[in-house]
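Asks: compute the structure for the input listed below.
(chains A, B and C)
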Amino acid sequence: MKKLSARRRHPLAALVVLLFALAATGGLYAAFAPADKAEAEPVAQSLAIEEGKKLYAVGCASCHGTGGQGTTDGPSLVGVGSAAVDFQVGTGRMPLQQPGAQAPDKPNVYTQAEIDQLAAYIASLGPGPVTPTEEQYSPEGADIANGGELFRTNCAQCHNFTGQGGALTEGKYAPDLEDVDPKHIYEAMQTGPQNMPSFPDQVLPEQEKQDIIAYLDTVNSEDSETPGGFALGGFGPVTEGLFAWTFGLGAMIVVAIWVAARTAKAKKS
Amino acid sequence: MSTTTAADNRRKAPRGERVADWADGRLGIYSLAKTNMRKIFPDHWSFMLGEVALYSFIIIILTGVYLTLFFVPSMSEVEYHGSYVPMHGIRMSEAYASTLDISFDVRGGLLIRQIHHWAALVFLAAMFVHMMRVFFTGAFRKPREVNWLFGFLLFVLGMFTGFTGYSLPDDLLSGTGVRFMEGAILSVPVVGTYLSMFLFGGEFPGHDVIPRFFSIHVLLLPGIMLGLLVAHLILVFYHKHTQFPGAGKTNKNVVGMPLLPVYMAKAGGFFFLVFGVIAALSALFTINPIWALGPYRADQVSTGAQPDWYMGFSEGLIRAMPGWEVVLPGGYTLALGVFVPLMVFPLVLAAIAVYPFIESWVTGDKREHHILDRPRNHPVRTGIGAAWISWYLVMLIGGGNDLFAIHFHLSINAVTWFVRIAFFVVPVLVFIATKRICLGLQRRDRDKVLHGRESGIIKRLPHGEFVEVHEPLSQEQLHTLTQHEQRKPLEAGPEVDENGVKRKVPRVQKLRAKLSRGFYGENTQIPKATPEEFKEISSGHGHH
Amino acid sequence: MSQTGSNKDVSEEHLPSARATEHDGTVEAAGNPFADPGLPPHEHRVQDIDERAAKRSERTVALLFTVSMLATVAFIASYVIFPIDKIIYVFPVGHVSALNFSLGLTLGVALFCIGAGAVHWARTLMSDVEVADERHPIEAEPEVKAKVMADFRQGAAESAIGRRKLIRNTMFGALAMVPLSGVVLLRDLGPLPEDKLRHTLWEKGKLLVNQNTNEPLRPEDVVVGSLTFAKPEGLEDDAHDFQSEIAKAALMIVRIQPEDIKDKRELDWSHEGIVAFSKICTHVGCPVSLYEQQTHHVLCPCHQSTFDLTDGARVIFGPAGHALPQLRIGVNKDGYLEALGDFTEPVGPSFWERG
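Replies: This next block holds a predicted model:
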């Protein structure tokens, strides 16, 4: 203790305390930060539409109205089609946790069977885009290069060159597309969820949607190749500049301190 | 020469000496070496920041020459059929295609490209911190003002060399930057459209801008920079390096290690260290992966389109600017939303460049300074420097407003509004805070000199009182903490002359006196401890 | 190193007492507690007094240089061994090029070790005695200055430049004029602007071609909430001036419920709520196209200018100075969307003559 108290006033003491404090705050935050938990609700199954209607009454009707006609809290669901339901519920965007600039994706609370029931019910309210089959959205054999070209024309303005996401107005944003299920990408293009515009087949045919999915699969998945090394998030010059300042210049300064420091002196015997 | 011949007769000089003799007879190297070979350089890590910049520049030139062997600066369109599959069959300029080839078909080409680009980012960052080191320690004072300007020009030219280099691959990111430049040029009153047509050889993007940027990037700007760099280094040698105050260090000497051998080894070794670090960075971290960005097309764009960091503050200026546009009588448009930032851009840089001249004018200081200021002993200068940095940082945040918005879950409009307000407010707050911190540190220095260092050891006196033991400082430390001079503001001169007649003081003189009071008047320094005070306290017995 | 001779042998033996006398000039009035004590006495490093420590340092330096040599060999080996397209997974860096990774690291090590060896050598084995070098004022002595001024005046007088004003003035004139040739030569850098920025490829009857499919668009292709990009009929991707033309002609097409359109002219120029706006931002020319289908706002990704497509693409945020130009469209007899003329104002960034 005596040693400690003697060093308390050391010129570097403040720095050490600061480092400890930072480490402690970070550790505490990590320990207490709310973990995302999915709440699974066991629901029985029966006839798709009937069951879907029940699910709807429990999970959706409070905002979208009892018959899907919409309220001030949520838009009408008549004619949005099963694809929209499959996307919104399948990615966890719906049911909405809290009102905000936009519904974020989160762990989804329904099973695929339940989603299908909900979708069947909503589809019964009015005709709309139908949930795609695997044949429609599978990127197998698609033209990656063409997909890249189409992505840069239609998508990159919001989602970034390789689909890392980007900001929109007033807190809205285009999400990161890393490892998003090809089906959900397809449905998003088909239905235009939230503020995203739709790209119907007349404008962007099925084959081109597949090309885009194949492109994303190549450049923005966990297994994407980054030949040059760690990609720093793929956000471009801002992160590169930040990195050059902290690690690049930081390393240079550490080296410079070593080069310029006086060598330890022999202890007086 | 006759003495040399006489010596030759007696013994055969070693081979190296004979070569040196030969060179001396033609180049006079001995006279040059006499003053420079054992030149003294002081040791301090912050004196090596400029070396980081110098070495990055050398690395950039070495790798840049290699890249020119493969790069094709042409905007002719080709269909790509190289090794990178996700680009097969895409139409692109030869510049972009050859950059893909460098990355995927030339072995080691990708590494050299990444070293070139990382070194460029580090180069500019190192120049920036080097400049700030010089600023905060007052190393720009006489006789080094000219060298400050050389350094400043190197920084500005480095920015533009970087920008032109960033544009060369003709990818979707850099092309967007070039488009921005075209828009900025168009906003120039009267001649904007002409300048744009001349730069691009017609309408944007045309077919000329890449080859033109190429010669600017590899020839014009680096050539000027090389000249400035040599001049900068010659002046460093000529003036001899500044040093921090300390025992044995005066304004008339320079204390350190000789160039041969210590600095030859340290500085030479440092080059390899810098190069090694950048090479390792380039092995581990990708930079500007142009293959993921796609070739430039004027109708395509991506979000998150930013310039490299050194141009980021101009990006912030333009993003934060409100969209003012005035149509003048006669049908002429003033695009202030673009033109104002375009004009503020050089002003931001000039603000820091002219500071040394303003300071010497305001303070009336005409002496040579070779001992550095500790930043705290010059609170106003330090405050101005910190305010400028904060200003620059606010603009950098503005330049990345979309990324800040998305990663901190903020509204992009809110971030932009923050930048608009902070642009005016933050520098003022930072100036006030920094000045106060400096004064606080001066007070602490004064206490340390008079009372010694608080040791943290608590002692109980016989009568029960607890006191903290203060360790007295060594004479070396006392000298370091008290060597700075305390300046007095300039006076505008008496209002009345010796005959009692009211004298007209020029307005410039009044302004100068007023500024001088701001620099050195009240509340700009804490009176430093005097020997008398020190003796009085240390002759007493209290170490409270 | 030009100072006192007594300093020559400092590296041999450097006694504090000798040091103090050397610097007595800087010690001010006796008894000043803040006086400069002069350079502190040199203290030896372990390597200075212990030959074994010095040997250890020597071996470390030699080891570093040897590692560098080995790294260079490894660099060459990597160059030969790894095919350029080989991708390996390196934790935590990712799926990276084996060649880039190995070449970079070996080169980094080879260079770093040379530097580390040299610096270690300097720090532990070369003399670390601090020496002081004197400075001399930069300014010349008055005699030198006087001599230079006299020489200059003599030179000026001998040239008679002050007296023969005709020579002087014509010389200055010639020198001032000759760079004009260089300026004139720059004329052919590009054409004059004329009215190039005022016109695009759009003209009456040109079909709106979908950028994705290269097919002409029909009104029923464009549904509410969708986003379509179009180019003028006849502009092919491989055309020589494709880039310059698309940079002005690129079009963004959306459909808005006619009752939601607030601007009357916008409604008039639309076809059943289908509106066609220039994709080129009026700020500095980025392609704006971040269309939010619920708010009908369009954001520019470069500088965040925001336009309200229900209100004549008016600027509602950001640095753009005026609304996006709208293209007047209709439907031809075959049921395809067509332009009813060129844009009525220049597209893209503002410029002086824009009006």
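Asks: run a quick neighbour tally on the closest residue to A:Q97 other than its chain neighbours.
Replies: Nearest residue to A:Q97, sequence neighbours excluded (Cβ to Cβ, 6 or more residues apart in numbering or on different chains): A:K106, at 6.9 Å. To be clear about C-beta, it is placed using only N, CA and C from the backbone, and glycine gets the same treatment. A:K106: 13 surrounding residues under other Cβ atoms under 10 Å in any protein chain shown.
Asks: next, give phi and psi for B:H470.
Replies: The phi and psi values for B:H470, taken as degrees, to the nearest 10, are phi -100, psi 130.
Asks: pLDDT weak spots in chain C?
Replies: In the predicted model, chain C carries pLDDT under 70 at residues C:1-30.
Asks: need phi/psi at the closest residue to chain B within the stretch 51-200 of chain A.
Replies: For the stretch 51-200 of chain A, the nearest residue to chain B under the criterion Cβ to the nearest Cβ is A:G166, separated by 3.1 Å. With angles defined as degrees, to the nearest 10, A:G166 sits at phi -170, psi 170.
Asks: thinking again about what came up before, look up how far A:Q98 lies from the residue nearest to A:Q97.
Replies: 11 Å (Cβ to Cβ, to the nearest Å).
Asks: helices or strands up against the lengthiest helix in chain C?
Replies: Longest helix in chain C by number of residues, with DSSP state H as the criterion: helix C:51-81. Packing partners of helix C:51-81 (3 or more Cβ pairs under 8 Å, 6 or more residues apart in numbering or on different chains; DSSP states H and E): helix C:46-49, helix C:98-124.
Asks: columns distance to chain B and mean neighbour count on top of those, output as CSV?
Replies: Listed next are the helices and strands packed on helix C:51-81 as CSV, based on distance: least, Cβ to the nearest Cβ, whole Å; neighbours: other Cβ atoms under 10 Å in any protein chain shown:
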stretch, distance to chain B, mean neighbour count
helix C:46-49, 14, 18
helix C:98-124, 2, 24
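Asks: let me have those helices in CSV, extended by distance to chain A.
Replies: Below are those laid out as CSV (distance: least, Cβ to the nearest Cβ, whole Å):
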stretch, distance to chain A
helix C:46-49, 5
helix C:98-124, 5
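Asks: need those in JSON lines with distance to B:N413, can you?
Replies: Below are the helices and strands packed on helix C:51-81 laid out as JSON lines (distance: least, Cβ to Cβ, whole Å):
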{"stretch": "helix C:46-49", "distance to B:N413": "63"}
{"stretch": "helix C:98-124", "distance to B:N413": "41"}
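Asks: distance of the spatially closest residue to C:P83 that is not a sequence neighbour relative to B:G82?
Replies: Distances taken as Cβ to Cβ, 6+ apart place C:L99 nearest to C:P83, at 7.5 Å, with adjacent residues excluded. Counting by Cβ to Cβ, the gap from C:L99 to B:G82 is 16 Å.
Asks: pick out the residue of the stretch 101-250 of chain C closest to chain A.
Replies: Closest approach between the stretch 101-250 of chain C and chain A, counting by Cβ to the nearest Cβ: C:L227, at 3.5 Å.
Asks: and that residue, what is it in contact with?
Replies: By Cβ atoms under 8 Å, 6 or more residues apart in numbering or on different chains, the contact list for C:L227 reads A:154, A:197-199, A:203, C:252-254, C:289, C:291, C:293.
Asks: touching chain C at all, the longest helix seen in chain B?
Replies: Identified as the longest helix of chain B according to DSSP H is helix B:412-451. Yes: using Cβ under 8 Å from any Cβ of the partner chain, helix B:412-451 reaches chain C at B:412-413, B:416, B:449.
Asks: cool, stretch B:252-271 as well?
Replies: Yes: among the residues of stretch B:252-271, B:252-258, B:261-263, B:265-266, B:268-271 lie within reach of chain C under Cβ under 8 Å from any Cβ.
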